[in-house]
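Student: After the sequence you'll find the predicted model.
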Amino acid sequence: MDRRKSEKREKPDMAERKPNPGPPGENTVTIKDLTVEYKMKKYSIRAASRVSLDIRRGRMTALVGESGSGKTTVASALLNCISTPGEIVSGDIIFHEKDGSVVEVGKLNEKQLNAFRWSRISMVFQGAQSSLNPVMTILDHFYETMKVHEPKTTKSDAADRTRRVLSVVNLNADRIMKMYPHELSGGMKQRVMIAMSLLLDPELIILDEPTTALDVITQDYIFKILKKINKETGIAMLLLTHDISIVAKFTDYMAVMYAGRVVEYGRTADVFRHKAHPYTRGLIMATPSLYGDLESMKPIGGAPPDLMELPEGCVFRPRCPYADETCGREEPILRTVGENHLSRCQKEVFHVK
Amino acid sequence: MRAITSFYNKTRYFWRRLLIAFLTLVLVAVFGFLLIKLMPGNPVDTYAQTLMTERRIPFEEARALAKQMLNYDPDEKILVQLGKYIYGLLHGNLGISMRRPDITVNRLIAGFLPWTLFISSVSLFLSFIVGIFMGSHMAWKRKGVGEKAALSYIVVSGSIPDYLWGMILIFVFGVRFRIFPVQGNYDVMLEYEGWPWLLNVLYHAALPVLAYSIVQIGSWALSMRASSIGVLGDDYIYAARARGIPERIIVNRYLRRNAMLPLVTSLALSFAGLFGGSSLMESIFNYPGLGQQFSAFMGARDYFIIQGLILFMSFMIVLANLVVDSIYSLIDPRIRRST
């Protein structure tokens, strides 16, 4: 019996799933014209404005932007889990099942939504440190989640499955399962959350700044685990971050967000090479390079706009070194500037072809 | 090894707490004694006046007689009196009534405390449970009709003191509709045993318990609401929603359990406060509890009984404080494993 147990542990669950990125260009989730508003008594704030985004099956997509640019809002819209008083005003979120059928996330009723959450799209939260209920053991969290989605689950099923997903993130399950959240270190909790996101074998995992509270060594370690999971299981990932170097190192596609809008989208390599929007250019230039001169690092002047008083025309205009009077006329649309490459800048100079 | 150290720490912690509790009680005994001595006038002089007019004897003679009858000499050195008092305490004697030597504090407690404890603890737990549910529901369904109704209830019930509620209840249910008995703890005609007696006791307790609870529910609900709103902002609530956990489970297992932690401390402390009983409430319902007795002996200036009862009530509060820690650690694992 012991042998069987150890065999199981050597073969973590990820090996059971064949990587299936699907045909290139196929999406796990398509976001179309998503607009989210936070409605207050006297005014409302548009945190996401006509966001369109393709999340490719089996790929790692980055959503880059500074704090308040609407990354988290878009991510929580994917689970239809925007915290009050926010609500989806318009737009569609379409989830593509593997058999080709589609699910419109915004149209699910509460019961369907609860079944959809976590089994199709799961999430590693920004505050993973505090995402666990302090009065429940680690195993209880996993057991509860499985039980909710599959009522017949027994406690020993849950323990087996928990053991397997915890071994994926290199945690000693037997030691940890009976512990309470406060008994774990920050990095361990983060890995527990990652293991939990794998629990129901989802199609997409949203990683909301998964390493902001951790030191760089742990950060790198966790990203290596994530990349490995992504490669070996073919689970798509949406990484929300403001760390350009991580985007460059780990992701396949990237979208840059500014003031609730997607300003550039494309394959990570293309975006870094062509920088088809001045904001992206600014972001990349603002990152210190390992080899270049420190002088070549240029911060973006000014501050992000107040979402309640957006400038006329292009929202980036007041900070844009390339702006002229034509930029103030009307807001530019997201247009194709190359293969699989979109930019919201109207200036021809920035277009690849 | 770790277990041994932690056990050692735990026992040491416990003994320290016990020592502090004991010192507190000694101080309460001494100060309780001194405070009563500071009160203007004393029972011997008062009684001597009465004797003087009744028996037409000179004051000196009356005073000597009073001293003898009350078994108390105010002219004795204060340290000697204190010594006698402490000596009595050490022999398990909390005090004997001045006027009626057959009444002792010990007997008072044995006879009346159970009734006080019965109605006040039933109403405390009832209102705690109702308040917890009401408060967490108010926080979960903010700005709903339910919250408005609950808030108006809390304002109305909280602005009327509990003894007035007692009178209102007596008027409505006891006099107008004659549904519930308005006084006493059970029908004296009944045998002191069996189910009929127990039911009769509950029947008599209905109105006092209701009067206590009406007011208490509101304050529990308010604290629970505040605590729940705090917990609702915590990440683990959001994380649970994202995991597809249904609302019912989130409210029960995530919200309520975490939000009630701080309230358990106040519950235990309120429990300690129950041992004195409520003089007004027990008088209105003519309920034979400790509060009713306390006010009666206070009126009669029966020093020994009063100081005995005060000491007893403090003892219960100190004891409750000790118990709070252990109860708390049962529901909060963070305390269970770290101290």
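Tutor: Arrived safely, thanks for sending. Residues are numbered from 1 along each chain as shown, chains lettered A, B, ... in the order given.
Student: what's the domain layout of chain A?
Tutor: A:27-258, A:261-350 (automatic domain parsing).
Student: And residue B:310, how far from chain A?
Tutor: 39 Å (CB to the nearest CB, to the nearest Å). Yep, even glycine has a C-beta here, placed from its N, CA and C like the rest.
Student: Quick one, grab the pLDDT at that residue.
Tutor: Residue B:310 carries a pLDDT value of 85.
Student: State the distance from it to residue A:318.
Tutor: Taking CB to CB, to the nearest Å as the measure, residue B:310 and residue A:318 are separated by 73 Å.
Student: do the same with residue A:123
Tutor: Counting by CB to CB - residue A:123 and residue A:318 are separated by 34 Å.
Student: more crowded one of these two?
Tutor: More crowded of residue A:123 and residue A:318, by other CB atoms under 10 Å in any protein chain shown: residue A:123, with 30 against 14.
Student: Can you tell me the closest non-neighbouring residue to the residue of the stretch 1-150 of chain B found nearest chain A?
Tutor: For the stretch 1-150 of chain B, the residue closest to chain A is residue B:142, as judged by CB to the nearest CB, at 8.3 Å. Counting by CB to CB, 6 or more residues apart in numbering or on different chains, residue B:142 lies nearest to residue B:229, which is 7.9 Å off, once chain neighbours are set aside.
Student: In three-state terms, label residue A:82 for me.
Tutor: coil (DSSP: H, G, I helix; E, B strand; the rest coil).
Student: That one contacts residue A:37, correct?
Tutor: No. In this structure residue A:82 lies outside contact range of residue A:37 using CB atoms under 8 Å: 9.7 Å.
Student: which residues does residue A:179 contact?
Tutor: A:137-138 (CB atoms under 8 Å, 6 or more residues apart in numbering or on different chains).
Student: now swap in residue B:18 and tell me
Tutor: Counted by CB under 8 Å, 6+ apart, residue B:18 has contacts residue B:322.
Student: on that earlier part again, what is the burial count for the residue of the stretch 1-150 of chain B closest to chain A?
Tutor: The number of residues near residue B:142, taken as other CB under 10 Å, comes to 13.
Student: With residue A:190 instead?
Tutor: Around residue A:190 there are 26 residues (other CB under 10 Å).
Student: list the helices and strands whichever helix or strand it is part of packs on?
Tutor: Counting by DSSP states H and E, the element that carries residue A:190 is helix A:186-198. Using 3 or more CB pairs under 8 Å, 6 or more residues apart in numbering or on different chains; DSSP states H and E, the elements in contact with helix A:186-198 are strand A:121-124, helix A:138-149, helix A:155-168, helix A:216-233.
Student: Beyond that helix, next helix or strand please.
Tutor: By DSSP H and E, the next helix or strand past helix A:186-198 is strand A:204-208.
Student: Just want the angle from that following strand to helix A:216-233.
Tutor: 170 degrees (axes from the mean of the first three to the mean of the last three CA atoms, to 10 degrees).
Student: Give me the contacts around strand A:204-208.
Tutor: A:28-29, A:55, A:71-72, A:75, A:78-79, A:120-126, A:197-198, A:226, A:235-241.
Student: same question, stretch B:253-264
Tutor: A:133-136, A:144, B:128, B:132-133, B:135-136, B:139-140, B:220, B:223-224, B:227-228, B:230-232, B:234, B:236-237, B:240, B:245, B:324, B:327-328, B:331-332.
Student: So among the residues you listed, which ones count as buried?
Tutor: A:133-136, A:144, B:128, B:132-133, B:135-136, B:139-140, B:220, B:223-224, B:227-228, B:231-232, B:234, B:236-237, B:240, B:245, B:324, B:328, B:332 (16 or more other CB atoms under 10 Å in any protein chain shown).
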